[in-house]
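Colleague: Give me a model of this one.
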Amino acid sequence: MLVDYIQYLLVRGAEKVKKVKFPVLLTVFFLLLSVYSNALAFRSSNFDNSKIELGTVGARYIPSAPKRVKTRVQNSVDKYDYDLFGRENFEYFPLQLGDGEYKVSIFENVTGNRYRQVKVQSIDAKINNPFDVFRASVQTVNWNSDMDVIIKAQELTRDLKTDKEKVTAIYSFVIDAFGYDYDKIKSVDSTYVPDIEKIYNDKKGICYDYSAVFAAMLRSQNIPAKLVKGYSDLVNGYHAWNEVYLSDENRWMVIDTTYDSVMKKNNMKFTMEKNKKNYKTAREY
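Modeller: Numbering: from 1, shown residues only. Got it, this is the predicted structure:
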């Protein structure tokens, strides 16, 4: 494409080119070449580090044949593994382990449960504000301002002032509007990631769905919200819920929209804020 364009300048536009000094043409040529080279370099990159200061890192990978691909984000303390669905476009993952040295790896499946590392990078993360990690759009809480569910969050909070008021309004909507999907929980597999627009339109989901929608709606209002996975004394099995930061009260609050939605539909008593002692965190996003 670049060569064709230069040929156009030099051949088809010869009568105009003659009027242009050679150093100018040379400058234009190298400028175009630089832009083209940078575009190619970006397209071939497997990592996007442009959002590290905001607490996320991007990854993508195109395998030689259709196969499962994973990303690992780790530091010296812990590691988080994700299925990587990003091919042409980047997917973003939280740096929830804080500032410091990370290794970000991409693995492709070889056979069965065996994977081989195909790409890796080391980064030194310096996050501007640790709360930004839980305001970001990432794979598990993937949102943007054009989504209907995010527009709904804006409508619900338009005339509200405090974080607590906004949290309460969105919380009330979620536990009222959504129902638990008992069929879905029987068939969901380990690669599942919530699609919050689909959940919003279907008006039903599992605990992972409830907590992803709730977190996304809050994050869109600049309220830090964690999607947390682990165990609760109130629920059997592996569970998902949220921790929400109230800046005007300077504290994190545990909220379980799934549990409360089921309780409300069964006309049973519950409170929005849960006792943290009843919840054991395994993973947070």
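Colleague: Next, work out how far apart residue 280 and residue 229 are.
Modeller: Computed as C-beta to C-beta, to the nearest Å, the residue 280 to residue 229 distance reads 10 Å. All C-beta atoms are positioned from the backbone trio N, CA, C, and that covers glycine.
Colleague: the more surrounded of those two?
Modeller: Higher neighbour count among residue 280 and residue 229: residue 229, with 18 against 12, using other C-beta atoms under 10 Å.
Colleague: doesn't residue 243 make contact with the more buried one?
Modeller: No: using C-beta atoms under 8 Å, residue 229 is not in contact with residue 243; the gap is 11.5 Å.
Colleague: what residues do the two have in common as contacts?
Modeller: Common neighbours of residue 229 and residue 243, using C-beta atoms under 8 Å, 6 or more residues apart in numbering, are residue 284.
Colleague: which one is residue 188 nearest to, not counting chain neighbours?
Modeller: residue 206 (6.5 Å; C-beta to C-beta, 6 or more residues apart in numbering).
Colleague: That neighbour: neighbouring residues, count only.
Modeller: Counted with other C-beta under 10 Å, the neighbours of residue 206 add up to 22.
Colleague: ok, now how distant is it from residue 137?
Modeller: Counting by C-beta to C-beta - residue 206 and residue 137 are separated by 21 Å.
Colleague: Residue 108 too?
Modeller: Noted for residue 108: a distance of 25 Å to residue 137, by C-beta to C-beta.
Colleague: about what we covered before: dump the residue contacts of the residue nearest to residue 188.
Modeller: By C-beta under 8 Å, 6+ apart, the contact list for residue 206 reads 180-181, 184-185, 188, 258.
Colleague: rerun that using 6 Å as the cut-off
Modeller: Shown in contact with residue 206 (C-beta atoms under 6 Å, 6 or more residues apart in numbering): 181, 184-185.
Colleague: cool, residue 243 as well?
Modeller: 226, 228, 252, 254.
Colleague: Next: residue 268.
Modeller: Per C-beta under 6 Å, 6+ apart, neighbours of residue 268: none.
Colleague: Is it in a helix, a strand, or coil?
Modeller: coil (DSSP: H, G, I helix; E, B strand; the rest coil).
Colleague: Please apply the same query to residue 239.
Modeller: Assigned with three-state DSSP, residue 239 falls in the strand class.
Colleague: ok, what's across the strand from it?
Modeller: When bridges are called by DSSP bridges, residue 239 pairs up with residue 230.
Colleague: Number of residues surrounding residue 94?
Modeller: For residue 94, using other C-beta under 10 Å, the count is 22.
Colleague: Would you mind putting the CA coordinates of whatever helix or strand residue 107 lives in into CSV?
Modeller: Element membership of residue 107, judged by DSSP states H and E, is strand 100-111. This file holds the C-alpha atoms of strand 100-111, laid out as CSV (Å, rounded to 0.1, in the frame of the first residue of the first chain):
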residue,chain,number,x,y,z
GLY,A,100,5.8,-3.8,41.6
GLU,A,101,7.2,-6.3,39.2
TYR,A,102,4.9,-8.5,37.2
LYS,A,103,5.3,-11.2,34.6
VAL,A,104,2.6,-11.4,32.0
SER,A,105,2.5,-14.6,30.0
ILE,A,106,0.5,-16.1,27.2
PHE,A,107,0.1,-19.9,26.8
GLU,A,108,-1.5,-22.0,24.1
ASN,A,109,-2.9,-25.4,24.5
VAL,A,110,-0.8,-28.3,23.3
THR,A,111,-3.0,-31.3,24.3
